[in-house]
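**Student:** Okay, here's the prediction I keep looking at, along with the sequence it came from:
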2 protein chains.
Amino acid sequence: MTGTSKLASTGNRAADGAQNCNVALVGFGTVGSSVARILCERSNTHLHLTHVLNRNVARKKVDWLPSSVQWTENIDDVLSSDVDIVVEVMGGLQPTEDWIRRALASGKSVVTANKQLIAHCGPELISMARRMNQQIEFGASVAGGVPVISGLHEGLAGDELFKICGILNGTCNYILSQIESNGVSFATALREAQKLGFAEADPTEDIDGLDARAKLAILARVGLHCNVKPGSIVARSISAIDTVDFEYANQLGCTIRQISWAELKGDELFAAVQPALVELSSPLARVEGSQNLVMATGTYGGETVFGGHGAGGHPTAVAVVSDILAIARAKQAAKSYAGQPVEKTPTVTADFTTKHYLRFLVKDRPGIIASLATILSQCGINIDSVLQKPGCPKSHLPFLITLEECKAALVEQALRQINSLDFLVQPCLHLPIL
Amino acid sequence: MTGTSKLASTGNRAADGAQNCNVALVGFGTVGSSVARILCERSNTHLHLTHVLNRNVARKKVDWLPSSVQWTENIDDVLSSDVDIVVEVMGGLQPTEDWIRRALASGKSVVTANKQLIAHCGPELISMARRMNQQIEFGASVAGGVPVISGLHEGLAGDELFKICGILNGTCNYILSQIESNGVSFATALREAQKLGFAEADPTEDIDGLDARAKLAILARVGLHCNVKPGSIVARSISAIDTVDFEYANQLGCTIRQISWAELKGDELFAAVQPALVELSSPLARVEGSQNLVMATGTYGGETVFGGHGAGGHPTAVAVVSDILAIARAKQAAKSYAGQPVEKTPTVTADFTTKHYLRFLVKDRPGIIASLATILSQCGINIDSVLQKPGCPKSHLPFLITLEECKAALVEQALRQINSLDFLVQPCLHLPIL
């Protein structure tokens, strides 16, 4: 975490000078195998995956990991090794908690994606890590790939936050979006979500708000510095929401979302996870499918929004690897500022391939479109549409030509000819359509 | 930057054990005085403001800073002192660059909000800081209070980002929003922005994209690890945009924004700052007034969005103070994990005061509204509106009552009586309107 490397590649340090960091993966499910893939695919990294632990290792083994990786079903193999960072992506409260305590006790730092564990005993584990001069990081425990934990803890550390609200459960958001846009019942939307893998076979944790509640407890600790037990936060189910509620909500200029809300007012923390009406103009109303969004409000900086993929193997793995890198950086910084950054120096070009918007202002006369179309066609450019709004003066007539996808440089070349045409009142305005 | 303090208050360490950090403020304009205010107002902090440097100090002096603060016009007073962190919020390229080099050379870390300086000679200053075993942080140089630098550098470090696009200039976004929503000309919108302080007397840097281009160069370095000179990025002015362009854009399902875009494809970086059409459904289209938004896209995590106040004294000061805290944490971590975190343990309540949505499903008969209204009124609750969609069966008739703002507990109390009424087909659905 040295600012000195902010303009440098963090994952691409040359091996010389940089200290290697050995990593063990405890759990090889969706997230675990994504973490392994990122660690393998990123070149020149100083992170070395040395162990993978899972039940029934024989069935789990993959051929795309280096043969140097030790596969095991026994946590002692990991704890007795020279692993620096233990990555827990196994889930559950036990034996996970014990194993994390033992890892910290054996002088290893820990990265975990386990929201229930951190929500329930985060402070104790953090105290233990501090005593052992180690770190425990849990950026993946809330909102998957959305870097909200580091955003609250580092990026907004200078503010005094008093409110955090957001959409923390992608399953609920997917189901509510489906009821809203397809007019299906809750039961149908849930079945659909289960079929597509957006909801578990037993969806209680998600539907009843227990998953989001654990995440809200973590955010309240990190962002509001409030020691909150998840059980003290009210959680209400979304299962009573019907299509008719979206119709009524719409009449009120609103939609319905599962909202997690924590707001500090004096000595009281107003906190709940519940379905609620939110105005259509709010960023919360625009969160679609399984996306997540967190809004943090501070005394000085006002409202800041973080959004992205809240779940899924790869996005969650990004958060895990970011935490691994943060620990590796801190370990290095404590020793030296070693590790020469490798930077790319690419050719910079503005020659985007996009659709294009050409707005003309002309003195009207017959044959204008024909002249323009001829030049464009000679340059190999295809016209997509021609639009002209009615009721404009013939002497200053604005009209629009949109072009099919092509390189910007090609359009500029055509415009050099076009802009010399005598019917133009001003040079053509050319904008990309992104 | 010890993960061990993530669930702890960063600004509120008890003095015992924590090492104090002396801070000098170079520049006491809008941002500088906001930084001073945050440093003073945050209680129990281990950060001590010891020096304020500005031209014409006599005119700048304020009475709300402790008398221990030394006011000076001479940089040597700062450089020869025991200041740990020099905060540069003065702007300009010279003498700023010299002063920052001298601060690093005298063993001080630096926080700067100076985008032009970092865009032009960030890598050199960072190398110098590394040689001196110091840090230079510049989170405030892009998007003010939006923690996008730390988000890209730390939160998304685990991903391989290949595209960064966003709205990085609040002045342009304000002007374009005004043309769009009020149908005024560019010149009128600019004058209005200048009157309200959203645009400078000389707006060239903003309007012509030079401000956003410097920020884009910084983001390309931090997020894409590309060494890019700001001058190599094409910047196009927004001054040619007219009201008619918003009409045409709307017909195409789009709006127009000043978009900063950097996308790595092989050895080429496609980069430009220009007005462009963006689809109305894109988060970029929904950025209003002087807000900023950055979207980062990675190989693994997909799209992540950061949004908030991109400018203004207080939001920018939050970014500056966050950087100061990051350096202070790193200095402490190198020595020990000292500093006992102070946490609040508030009472947790779900008793929000909001408007409320009560949706009933009833077997229709005369007098239903009267019964409900009586109970609500006895509880001291005011009805806001009653809505009933047409064409529903009498035996399962859904209708809606919205309530004026009141405590949730009061509504729950009324619902206990209401839910025993015999005309209800199912218990009333009660949602807050947030």
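**Tutor:** Right, received. Where do you want to start?
**Student:** The longest helix along chain A and chain B in contact?
**Tutor:** Secondary structure assigned by DSSP state H gives helix A:313-335 as the longest helix of chain A. Yes: contact between helix A:313-335 and chain B, assessed by Cβ under 8 Å from any Cβ of the partner chain, occurs at A:314-315, A:317-327, A:329-330, A:333-334. C-beta: built from backbone N, CA, C; applies to glycine.
**Student:** which parts of stretch A:260-274 are buried?
**Tutor:** A:Ser260, A:Trp261, A:Ala262, A:Glu263, A:Leu264, A:Leu269, A:Phe270, A:Ala271, A:Ala272, A:Val273, A:Gln274 (16 or more other Cβ atoms under 10 Å in any protein chain shown).
**Student:** now for these, which pair is the farthest apart?
**Tutor:** The distance between the two most remote of these (Cβ to Cβ) is 18.3 Å, for A:Leu264 and A:Gln274.
**Student:** helices or strands next to the longest helix of chain A in the packing?
**Tutor:** strand A:21-26, helix A:30-41, strand A:47-53, strand A:85-88, strand A:109-112, strand A:136-137, helix B:313-335 (3 or more Cβ pairs under 8 Å, 6 or more residues apart in numbering or on different chains; DSSP states H and E).
**Student:** With mean pLDDT and distance to B:His48 added, can I get those in TSV?
**Tutor:** Shown next, in TSV, are these (pLDDT from 0 to 100; distance: least, Cβ to Cβ, whole Å):
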stretch	mean pLDDT	distance to B:His48
strand A:21-26	96	35
helix A:30-41	95	42
strand A:47-53	96	38
strand A:85-88	98	35
strand A:109-112	98	31
strand A:136-137	97	29
helix B:313-335	87	10
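**Student:** which one of these lies closest to A:Gln426?
**Tutor:** Of the helices and strands packed on helix A:313-335, nearest to A:Gln426 by Cβ to Cβ is helix B:313-335, at 37.8 Å.
**Student:** now the helices for chain A?
**Tutor:** Under DSSP H, chain A gives helices at A:30-41, A:57-60, A:75-79, A:96-105, A:115-131, A:148-150, A:170-182, A:186-195, A:204-207, A:210-224, A:243-251, A:313-335, A:368-378, A:408-418.
**Student:** Let me know which of these is tucked in deepest.
**Tutor:** Most buried of the helices of chain A, by mean neighbour count (mean count of other Cβ atoms under 10 Å in any protein chain shown): helix A:148-150, with a mean of 31.
**Student:** and that one, how far from the chain's centre?
**Tutor:** 11 Å (Cα atoms, centre = their mean, to the nearest Å).
**Student:** for stretch A:301-314, same thing?
**Tutor:** 5 Å.
**Student:** buried residues in that stretch?
**Tutor:** Neighbour-count burial for stretch A:301-314 [16+ other Cβ under 10 Å]: A:301-314.
**Student:** Quick one: neighbours of the closest residue to chain B within the stretch 151-300 of chain A, just the number.
**Tutor:** Nearest residue of the stretch 151-300 of chain A to chain B, counting by Cβ to the nearest Cβ: A:Gly155, 2.2 Å away. Neighbours of A:Gly155 under the rule other Cβ atoms under 10 Å in any protein chain shown: 32.
**Student:** if I look at A:Gly91, how far off is chain B?
**Tutor:** Using Cβ to the nearest Cβ, to the nearest Å, we find A:Gly91 at a distance of 19 Å from chain B.
**Student:** Tell me how far the spatially closest residue to that residue that is not a sequence neighbour lies from chain B.
**Tutor:** Once flanking residues are discounted, A:Gly91 sits nearest to A:Asn114: 6.0 Å by Cβ to Cβ, 6 or more residues apart in numbering or on different chains. The gap separating A:Asn114 from chain B is 14 Å, by Cβ to the nearest Cβ.
**Student:** And A:Asn114, its phi and psi?
**Tutor:** phi -90, psi 90 (degrees, to the nearest 10).
**Student:** now the helix-or-strand element of chain A with minimal mean pLDDT: how far from the chain's centre is it?
**Tutor:** Of all helical and strand segments in chain A, the minimum by mean pLDDT, DSSP states H and E falls on helix A:313-335, at a mean of 87. From the chain centre to the centre of helix A:313-335 is a distance of 16 Å (Cα atoms, centre = their mean).
**Student:** One more: stretch A:174-191?
**Tutor:** 24 Å.
**Student:** quick one on the thing from earlier: among the helices of chain A, which comes closest to A:Asn20?
**Tutor:** So among these, helix A:313-335 is nearest, using Cβ to Cβ, at 9.0 Å.
**Student:** now the closest one against strand A:21-26, angle please.
**Tutor:** If you take axes from the mean of the first three to the mean of the last three Cα atoms, to 10 degrees, helix A:313-335 sits at 140 degrees to strand A:21-26.
**Student:** Of the buried residues of stretch A:260-274, which are in range of chain B?
**Tutor:** Within the buried residues of stretch A:260-274, those near chain B by Cβ under 8 Å from any Cβ are A:Trp261, A:Leu264, A:Leu269, A:Phe270, A:Ala271, A:Ala272, A:Gln274.
**Student:** For the residues you listed, give me CSV that also has pLDDT.
**Tutor:** Formatted as CSV, these follow (pLDDT from 0 to 100):
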residue, pLDDT
A:Trp261, 96
A:Leu264, 94
A:Leu269, 95
A:Phe270, 95
A:Ala271, 96
A:Ala272, 96
A:Gln274, 96
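**Student:** Sitting in strands, which of those do you find?
**Tutor:** Taking DSSP state E, the ones among these that sit in strands are A:Trp261, A:Leu264, A:Leu269, A:Phe270, A:Ala271, A:Ala272, A:Gln274.
**Student:** What residue spans form the domains of chain A?
**Tutor:** A:3-144+A:314-335, A:148-309, A:353-433 (automatic domain parsing).
**Student:** can you count the residues close to A:Gly197?
**Tutor:** A:Gly197: 10 neighbours (other Cβ under 10 Å).
**Student:** go on, A:Tyr300?
**Tutor:** So A:Tyr300, with other Cβ under 10 Å, has 25 neighbours.
**Student:** Now do the contacts for it.
**Tutor:** The contact partners of A:Tyr300, by Cβ atoms under 8 Å, 6 or more residues apart in numbering or on different chains, come to A:Gly158, A:Asp159, A:Glu160, B:Ser34, B:Ile38, B:Gly145, B:His314, B:Pro315, B:Ala317, B:Val318.
**Student:** In space, what's closest to the third one - neighbours in sequence excluded?
**Tutor:** Leaving aside its chain neighbours, A:Glu160 sits nearest to A:Thr299 (4.4 Å; criterion: Cβ to Cβ, 6+ apart).
**Student:** Check what pLDDT the one you found gets.
**Tutor:** Note on A:Thr299: pLDDT of 95.
**Student:** B:Pro230 versus that one, what's the distance?
**Tutor:** A:Thr299 is 34 Å from B:Pro230, where distance means Cβ to Cβ, to the nearest Å.
**Student:** Could you check which of those two is surrounded by more residues?
**Tutor:** Neighbours per residue, other Cβ under 10 Å: of A:Thr299 and B:Pro230, the larger number sits with B:Pro230, 21 against 14.
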